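Q: just a sequence and a predicted model for now, questions to come.
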Amino acid sequence: MTEHLLLGLQAAADTTRAYGEFPLIGARAAVWIAAEVHLMFAAFVLGVPMFAVVAEAIGIFGKDQRYDRLAKEFTRLLLVAYSATAIWGAVLVFFLATLYPKFWAYLTAVFGPSMWAYAGLFFCESFTLYLYYYGWDRWKYGRPKLGHWSLGLLLNLWGTIVMFIANSWLTYMMTPPRDITPTTDPATIKLWHAIANATWMPINVHRLIANVVFGGAIVAAYASYRFLAAKTDEERAHYDWMGYVGNFIAISALIVLPFAGYWLGREIYQYDQSMGITMMGGFMSWLWVIQAFLIAVLFLTGNYYLWIGMGRIPGAERFRPYTKYLLIVLVLGAIVWGTPHTMIADSKELAAMGGSHHPFLGALGVMSAKNTAVNLMILTTFLSFLLYRRANTRPVVPWAKSGTMIQGAMFALAAGVVLFYGIRGYFVEAIVRIGFSVYQVLAVLGCIVAVTVIDVLMGRGAQSLGAIQWGKMPPRSQYALFILAVTFTWLMGLMGFARSGIRQYWHVWQVVQDTSKYAATPALGYASKMISLCVLIFLTLVGFVFWLGGLAEKSTFVATGDREGGGGGRHVGH
Amino acid sequence: MTAAPAVRRYAAHPFWQAVGILVLAYIVVVWVVPLLPGSAIVPKSVVLQYMVTVLVGLLIYVSDNEERWARFKEPIEAVLVEPRLRVARAALLVVVTVLVGLIAYGQVATTVAAPPNLRSIHPAPPTEITFRGKSITLTGLENPLRAHPESLPLYLAEGKGVYYRNCLPCHGDHLDGQGHFASGFNPLPANFQDNGTIAQLTESFVFWRVAKGGPGLPREGTPWNSAMPQWEDFLTEREIWSVILFLYDQTGWKPRRWETEPGKGESGKGKGDD
């Protein structure tokens, strides 16, 4: 009771000079846009260096110059995107300081020293990036090249620490350590205690993986834009290959992302169950229905891109008749995955169903069905990729036939485990059912790892049926890459809102109350429009960055006529 | 003799395959699913969702292969440009226009039905409630009557009495939400036999819902017009716990258990010095 009284007093004290106002759209919308667009750019500039450095390593150690060029092209996109990130970050800080001054003062009181460290590291990151990009052609061979590669590693290190620091601020807002109450003086809170809160590490891991996914998708979208605008076959071949690599990275990282998300969700539940229920079962649960739709779009589009891509691989015609069966599994999976538990229905339909739960289809709305569907969709996507990978080769190892049979058996076994636990989940209580998802996931991951190992061994010295004809892709395949990038961006905004919105009318959950006129959690319709607006702003700016990327490169792209293995064309030094 | 090859030709054409699958999917969702045992009509929102998914799947199927894509487009291009299909073109123009008009009319026409609303069926419970002036922490709370297994038959008999005196008119003799008064309510009374209601919940959640009823729902549950009374005004704490025991015993569902030891997962907040 005393606490409620204190909260009331705090609210009264907060009425003066606690909040500013922003013209037309209001303070909350202003901060929302600034934070979201900043985050999207930040995800891009943190994700891209990760695979730029990997691509450069493949170039160095695999002695394949294509990858080196690819890494450099990724990095060129970073330069402009990096400034945009910084600008939006500054806008966010100014908005917070002027529109939410009291809350901002609280955050700075708790996190002040980490903000200084953040600024310092940002400085280091910027200059490492400049060195990394502008030093590319200077340190091109031998030992200096390794030094250059180390710069890439360093860039990732700075970026990751910067993100971890910023993550601590927002996770503190969600899950402040339990001993901190509204009466705790922020100046007395130990910095590390505030940083190492319950959701800090889960968010760190989730964002780290998500950034790779996002970076891959945006790079693929860039490649598709350049592909569609390409004037020569050489250019088309290069950007087709780049789009493929970006998409491959995005989809590969996407497969492990749900597990990190699951960990985060679990920590939220553990911290405060009502927060967890609001997210998964209450008001925010409708966002998960939208998420289900968008994830189904990702799976379908990702597979579609691979299947169209088979058109440019000699030998792929052997596998093409099977893709329709994969499509059937994906469509059925998408139907189950997207079936809502509580259905939107008019009063007549509600009366016929006996409530909001459909007596028959309701069985598809629960977790057992969803987990089964999504795991089978992951397996199917992996199978698609395997067929794609194997399309232009014929294994020559003597055990090729039995190896393929073992791979088939592994798929069957994994699908069997997923189905078994999916069905069994209906007959056990909730707490046991939750544990089943772990077995399903392990079966799928186990299958992916084992089948890949066998495939790599089996592919040794394989007979080639012809090189991939990079560039021979219809334009619609490139639109598929666009769809993937837009969907990823949208998902990020929606799920970020779900995570942040569950704080409801608290700046810091049950510690600092939001007493502004925007304290109420926005309606989902309004939130969806705001998120869509942020996506639009981001994509427009990214479109501009792409255009700039093209502008800068026009004079340096020289066709070589070398088409072998794709990626034709080369960049001359500056 | 001539019909069969023509049918085969159509069946092998990607455009007509797509049309056929779309029609088949519609028939299955709208007419076959409701015919299954224990099933009901599929809400329009879900029909739309399923049909869009199938359509996307079909578009992927017809366009993931150059040859199939070219064949798929043949009839569409033919109808749009070939002089011999002038009548079909005109008919298509009329059909599409009328269809768009009908859909637009359906969207804006006034009906007497209440608009569909998004409700949170299981909104987040508060950490703590006040029951007749007494504070009860819901997080980690178990049914206290289960602590006395020897007296369970007695509590169950008591719960049964409470149910039949108070809950029967709406929730029904079979606990399936089909009481005599049920059809007068929107939303309908909860069906406890359904695996989506008490089977998914902890007993403390059910306690909160019985005690506070429709009026005690949080804002996120709105727009909510549940007629469930606030039973704390009529029943004692023990009566509510006993009727909850009865609900689980009668339906055979097991209440959801807490993941951590009671009290361990609490936030430690909301405990004032009162």
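A: Cool, got the structure.
Q: next secondary structure element downstream of the one helix or strand A:Pro144 maps to?
A: A:Pro144 is part of helix A:142-174 when elements are defined by DSSP states H and E. For helix A:142-174, the following helix or strand on the C-terminal side (DSSP H and E) is helix A:191-195.
Q: buried sites along that following helix?
A: A:Ala194, A:Ile195 (16 or more other Cβ atoms under 10 Å in any protein chain shown). Backbone N, C-alpha and C define where each C-beta goes, glycine included.
Q: now B:Trp208: closest residue in space, sequence neighbours ignored.
A: The shortest distance from B:Trp208 to any non-neighbouring residue, by Cβ to Cβ, 6 or more residues apart in numbering or on different chains, is to B:Pro125 (5.0 Å).
Q: helix, strand or coil: sort out the one you found for me.
A: Per DSSP: H, G, I helix; E, B strand; the rest coil, the secondary structure class of B:Pro125 is coil.
Q: about what we covered before: from the contact counts, what lies against the helix holding A:Pro144?
A: helix A:27-61, helix A:101-134, helix A:191-195, helix A:200-229, helix A:475-501, strand A:506-508 (3 or more Cβ pairs under 8 Å, 6 or more residues apart in numbering or on different chains; DSSP states H and E).
Q: nearest to chain B, out of the ones you listed?
A: Of all the helices and strands packed on helix A:142-174, helix A:475-501 sits nearest to chain B, with 6.3 Å by Cβ to the nearest Cβ.
Q: now that closest one: mean pLDDT?
A: Averaging pLDDT along helix A:475-501 gives 93.
Q: swap in stretch A:312-328?
A: Here the average pLDDT along stretch A:312-328 is 91.
Q: contacting residues around that stretch?
A: A:240, A:303, A:307, A:310, A:380, A:383-384, A:387-388, A:390-394, A:465-473, B:57, B:60-61, B:64-65 (Cβ atoms under 8 Å, 6 or more residues apart in numbering or on different chains).
Q: again, but for stretch A:375-389
A: Against stretch A:375-389 from outside (Cβ under 8 Å, 6+ apart): A:248, A:251, A:255, A:296, A:299, A:302-303, A:306-307, A:309-310, A:313, A:316, A:319, A:322-323, A:326, A:329-330, A:333-334, A:337, A:407, A:411, A:414-415, A:418-419, A:440-441, A:443-444, A:447-448, A:451, A:455.
Q: from the residues you listed, which land in helices?
A: If you go by DSSP state H, the contacts of stretch A:375-389 have A:248, A:251, A:255, A:296, A:299, A:302-303, A:306-307, A:309, A:323, A:326, A:329-330, A:333-334, A:337, A:407, A:411, A:414-415, A:418-419, A:440-441, A:443-444, A:447-448, A:451, A:455 in helices.
Q: A:Ser477 reaches A:Trp307, doesn't it?
A: No. Between A:Ser477 and A:Trp307 there is no contact under Cβ atoms under 8 Å: 9.2 Å.
Q: ok but B:Leu175 is inside a strand, no?
A: No. Assessed with three-state DSSP, B:Leu175 is coil; it does not lie in a strand.
Q: check what pLDDT B:Lys264 gets.
A: Confidence score, pLDDT, at B:Lys264: 39.
Q: now swap in the one 5 residues further on and tell me
A: The model reports B:Lys269 with a pLDDT of 32.
Q: likewise A:Glu3?
A: 65.
Q: how far away from the center of its chain is stretch A:534-547?
A: 17 Å (Cα atoms, centre = their mean, to the nearest Å).
Q: remind me which residues of the stretch 101-250 of chain B are low pLDDT?
A: B:113-122, B:219-225 (pLDDT under 70).
Q: just the helices in it please.
A: B:152-162, B:168-171, B:203-212, B:237-251 (DSSP state H, counting those that start in this stretch).
Q: can you list these in TSV and add distance to A:Ala97 and mean neighbour count?
A: Output for these, formatted as TSV (distance: least, Cβ to Cβ, whole Å; neighbours: other Cβ atoms under 10 Å in any protein chain shown):
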stretch	distance to A:Ala97	mean neighbour count
helix B:152-162	58	17
helix B:168-171	55	18
helix B:203-212	41	23
helix B:237-251	50	21
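Q: which one of the ones you listed lies closest to A:Phe127?
A: helix B:203-212 (54.9 Å; Cβ to Cβ).
Q: contacting residues around that closest one?
A: Contacts of helix B:203-212 (Cβ under 8 Å, 6+ apart): B:122, B:125-126, B:129, B:131, B:136, B:138-143, B:198, B:216, B:228, B:230-232, B:235, B:240-241, B:243-244, B:247-248, B:255-256.
Q: got the angle between that helix and helix B:237-251?
A: 120 degrees (axes from the mean of the first three to the mean of the last three Cα atoms, to 10 degrees).
Q: now do helix B:203-212 against helix B:152-162: the angle between them, please.
A: Interaxial angle of helix B:203-212 relative to helix B:152-162 (the same axes, to 10 degrees): 30 degrees.
Q: then helix B:203-212 to PDB, C-alphas only?
A: Output of helix B:203-212 as PDB, limited to C-alpha atoms (Å, rounded to 0.1, in the frame of the first residue of the first chain):
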ATOM      1  CA  GLU B 203      -5.700 -22.500 -10.500                       C
ATOM      2  CA  SER B 204      -4.800 -19.000  -9.200                       C
ATOM      3  CA  PHE B 205      -5.700 -17.600 -12.600                       C
ATOM      4  CA  VAL B 206      -9.100 -19.300 -12.500                       C
ATOM      5  CA  PHE B 207      -9.500 -18.000  -8.900                       C
ATOM      6  CA  TRP B 208      -8.900 -14.500 -10.100                       C
ATOM      7  CA  ARG B 209     -11.400 -14.800 -12.900                       C
ATOM      8  CA  VAL B 210     -14.100 -16.300 -10.700                       C
ATOM      9  CA  ALA B 211     -13.500 -13.800  -7.900                       C
ATOM     10  CA  LYS B 212     -13.400 -10.700 -10.100                       C
END
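Q: would you map the strands across the stretch 51-200 of chain B?
A: B:128-131, B:134-137 (DSSP state E, counting those that start in this stretch).
Q: nearest to chain A, out of these?
A: Using Cβ to the nearest Cβ, the nearest of those to chain A is strand B:134-137, at 8.8 Å.
Q: just say helix, strand or coil for A:Lys140.
A: Classified using three-state DSSP, A:Lys140 is coil.
Q: list the contacts for it?
A: A:His148.
Q: quick check, pLDDT for it.
A: 81.
Q: what do you get for A:Met353?
A: 82.
Q: over to A:Trp307?
A: pLDDT, A:Trp307: 93.
Q: surely A:Ala229 touches A:Gly550?
A: Yes. The pair A:Ala229 / A:Gly550 is scored as a contact, 6.8 Å apart, by Cβ under 8 Å.
Q: what residues go with each domain of chain B?
A: Taking automatic domain parsing as the reference, chain B has its domains at B:3-108, B:128-251.
Q: so which of those is the most surrounded?
A: Of all the domains of chain B, domain B:128-251 has the most neighbours on average by mean count of other Cβ atoms under 10 Å in any protein chain shown, namely a mean of 17.
Q: tell me how far the ends of it are from each other?
A: 28 Å (Cα to Cα, to the nearest Å).
Q: next: stretch A:183-203.
A: Terminal-residue distance, stretch A:183-203 (Cα to Cα): 27 Å.
Q: mind listing which of the contacts of stretch A:312-328 are in helices?
A: Checking these against DSSP H, those in helices are A:Asp240, A:Asn303, A:Trp307, A:Thr380, A:Leu383, A:Ser384, A:Leu387, A:Tyr388, A:Arg390, B:Gly57, B:Ile60, B:Tyr61.
Q: what about the closest residue in space to A:Glu125 that isn't next to it in sequence, neighbour count?
A: Distances taken as Cβ to Cβ, 6+ apart put A:Trp158 closest to A:Glu125, at 3.8 Å, once the chain neighbours are dropped. As a burial measure, A:Trp158 scores 22 neighbours (other Cβ atoms under 10 Å in any protein chain shown).
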